[in-house]
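A.B. asks: Just the structure for this:
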Amino acid sequence: MISQARGNQKQLGVKDLITIGVFTAILFVTMLVGGIIFAPNPVLTFYMPLGAALLGGPVMMLLIAKVPKRGVVTISGILCGVIWFATGMHWAMDLGYVIGGIIGDLIAGSGKYKNKLLNMIAFICVSLGATGSYISYFLDKNGWSNYMVKGGTSSSYIDAMNGAAKNWMLAVILIGTVLVAGISAWIGSKLLRKQFKKAGITA
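C.D. replies: Have a look, this model is predicted:
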C-alpha cells in the first residue's frame with residue numbers, strides 16, 4: 001500500500017501538468033524577451049539562442065524543484081517547440097526543443113531531479129533547442145531560406161542574413177548558448193537556494 005502511494009507520487013498528476021504549463025508559459029516569455037533583441041535583425045538573428053537562454057534558468061530550475069518527476073522537462077520542451085512552431089519558426093527549432101527536452105529529462109532524471117548540476121545541464125539541453133534552426137541553416141542555406149520565405153519571411157531579410165553569415169558563427173552560437181544557459185541556471189540556483197533545500201536538491 002505504501003509502495004503504491006510512493007509510486008503514484010512519482011507520476012505526473014493534473015496539478016503537476018498545470019504547474020508545468022504555467023511555468024513553461026513563463027519560460028517562453030523569458031525566451032521571447034531575451035531573443036527579441038536579436039531575432040528581428042537579420043545580422044544579429046544568429047545570436048537569438050543566446051538571448052533566449054539568458055533569463056529562463058531560474059524558471060526551469062524552480063519548475064524542476066516544484067515537479068521533480070519524470071517527464072517534467074520533456075513536456076516543457078515539447079510545449080516550447082509547439083509554441084515556437086505556432087509563431088512560424090523553422091521546424092528545426094521546434095524539433096530542437098523537443099529533442100532538448102527529452103535529453104534534458106533523461107539527464108535530470110538520472111539524478112532523480114535532485115541534483116542541481118544535472119538540473120542545470122537539463123536547462124542547457126532545452127536552451128540548445130533554439131540552435132536547431134541555425135544548425136539547419138548552415139547545413140542547407142538554400143533549403144532553409146526557401147522554407148522561411150514560404151512561411152512569410154521577407155526575401156530582403158533572408159538576403160541580409162546570407163550576407164552576414166560566416167561559417168564560424170555556428171560554433172559561437174552553440175558554445176555561447178551553452179555558456180549563457182549555464183550561467184542563467186547557476187544564477188537561478190543561487191536565487192532559489194532555499195526552495196531547493198526544501199525540495200531536497202543537492203549540489
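A.B. asks: Contacts for the one helix or strand I158 maps to, please.
C.D. replies: I158 is part of helix 155-164, with elements assigned from DSSP states H and E. Residues outside helix 155-164 that contact it (C-beta atoms under 8 Å, 6 or more residues apart in numbering): 42-43, 45-46, 137, 141, 145, 148-149. From N, CA and C alone the C-beta is placed, and that goes for glycine too.
A.B. asks: before we move on, what about stretch 15-27?
C.D. replies: Contacts for stretch 15-27 (C-beta under 8 Å, 6+ apart): 12, 56, 59-60, 62-63, 66-67, 69, 72, 75-76, 79-80.
A.B. asks: and if you look at stretch 129-146?
C.D. replies: 31, 35, 46, 48-49, 52-53, 77, 80-81, 89-90, 92-101, 158, 161-162, 165, 167, 169-170, 173-174, 177.
A.B. asks: Separate out the buried members of these.
C.D. replies: Burial by neighbour count, judged by 16 or more other C-beta atoms under 10 Å, picks out 31, 35, 46, 48-49, 52-53, 77, 80-81, 89-90, 92-101, 158, 161, 165, 169-170, 173, 177 from these.
A.B. asks: Tell me the buried residues in the helix holding I158?
C.D. replies: 157-158, 161.
A.B. asks: next one: stretch 11-25
C.D. replies: Those would be 16, 19-20, 23-24, for stretch 11-25 by 16+ other C-beta under 10 Å.
A.B. asks: worst-scoring helix or strand of this structure, pLDDT-wise?
C.D. replies: Using mean pLDDT, DSSP states H and E, helix 2-9 stands out as the lowest-scoring helix or strand of the chain, at a mean of 41.
A.B. asks: what distance separates the following helix or strand past that one from the middle of the whole chain?
C.D. replies: Toward the C-terminus, helix 2-9 is succeeded by helix 14-35 as the next helix or strand (DSSP H and E). Chain-centre distance of helix 14-35: 11 Å, with C-alpha atoms, centre = their mean, to the nearest Å.
A.B. asks: Let's test this: mean pLDDT of helix 14-35, rounded?
C.D. replies: The pLDDT scores in helix 14-35 average 96.
A.B. asks: All the strands of this protein, residue numbers only.
C.D. replies: Read by DSSP state E, the chain holds no strands at all.
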